[in-house]
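**Student:** Here's my sequence, what's the structure:
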Amino acid sequence: MKPGTNQLPLVTIITPCLNTHAFVSRTIESVLTQDYPNVEYILVDGGSTDGTLEILERYAFLYPDRVRLVVEPDGGPAEALRKGLELAQGEYFAYLNADDTYFPGAIRTAIHWLNANPEVAGVYGNAYWIDEKGERIASYPTEPFDRETLKEHCYICQPTCFLRTQILREAGGFNEDFQVAFDYELWLRIAQTHKLARVDALLANSRMHKENKTFRQRTIGF
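**Tutor:** Okay, here's the model as predicted:
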C-alpha cells in the first residue's frame, strides 16, 4: 500500500498463470499502471516451464510492495484462484487471466461504481475481444444484468468483473469441479441471492487465441 492511500478500499487482483510467457507481461503491466493506488496483486503460477515463471519473479522482485508471487502445482485456474482468494485482504476482488488486459482507469471506475451502489455484489463492464497481436476483433456482447437472461447465456465478460470479497466468500468461492466455465457458474450462483450491475465503460480486453480455454472449449463450458 502506498502512503496516503489507506482511505481507499483495498482491491485484490489475482492472475493465475501457466505457460503464458507470450502475454503475461502485458497483463501485469496493465495492472501495475492503473491509476488506482491501493491494489494487492497476487500472481499464482501452477508450474510454468516456458519462461513465464522468470517473468513473474522479475516483477515480484521489482515491485515487492505491490506484487506477491505464489508458486506451487495446482489443478487448474479455479484452484489457483481459490488459493488467491484465501490470501486476499482486499475489500474488493477481481481476477485477470494471464492473457487479458485492463484498460487504463478500469479499477478506479469499477470501485467507484461499487462504492456508489452498495446494494450490488459486483459490477462488470464493456470489453473488446482481441487477437494474439492485440488487434481488436469485436466488442464483447455484454448486457444489463438480468437474473433470468443470465441463465440462458453468459453476457458478463470475466476480466471486467469486480466483486465484493465477503460476498464471494459467502457464496463459496470458486468451484474447482468446473475447469472451463467456473466463472459463469460462480455468477449464476451469486445471482441467486444478489444483484450485479453493468458499468457502461470499457474496462478490459479479452484475448482470443488457439491456446485460450474459452476459445477451445466453449461448447464444453456451456
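**Student:** For the spatially most central residue of the chain, name its beta-bridge partners.
**Tutor:** Among the residues of the chain, the one closest to the centroid is Tyr95, at 2.1 Å (Cα atoms, centre = their mean). Counting by DSSP bridges, Tyr95 forms beta bridges with Ile14.
**Student:** What are the boundaries of the helices in this structure?
**Tutor:** 24-32, 52-62, 77-87, 106-116, 147-152, 165-170, 182-191, 213-216, 218-221 (DSSP state H).
**Student:** Which helix or strand in the chain has the lowest average pLDDT?
**Tutor:** helix 213-216 (a mean of 47; mean pLDDT, DSSP states H and E).
**Student:** got the angle between the longest strand along the chain and helix 24-32?
**Tutor:** Scanning the chain for the longest strand, with DSSP state E as the assignment, gives strand 195-207. Interaxial angle, strand 195-207 versus helix 24-32 (axes from the mean of the first three to the mean of the last three Cα atoms, to 10 degrees): 140 degrees.
**Student:** Flag every buried residue along stretch 147-158.
**Tutor:** 150, 154-158 (16 or more other Cβ atoms under 10 Å). Quick note: C-beta positions are derived from backbone N, CA and C, even for glycine.
**Student:** end to end, how far does stretch 140-156 reach?
**Tutor:** Stretch 140-156 has an end-to-end distance of 9 Å (Cα to Cα, to the nearest Å).
**Student:** State the mean pLDDT of that stretch.
**Tutor:** The average of the pLDDT scores along stretch 140-156 is 96.
**Student:** Over to stretch 200-212?
**Tutor:** Per-residue scores along stretch 200-212 average to 83.
**Student:** Now do the same contact list for the residue nearest to the centre of the chain.
**Tutor:** 13-16, 81, 84, 158-159 (Cβ atoms under 8 Å, 6 or more residues apart in numbering).
**Student:** Around Pro159, how many other residues sit close by?
**Tutor:** Neighbourhood size, Pro159 [other Cβ atoms under 10 Å]: 27.
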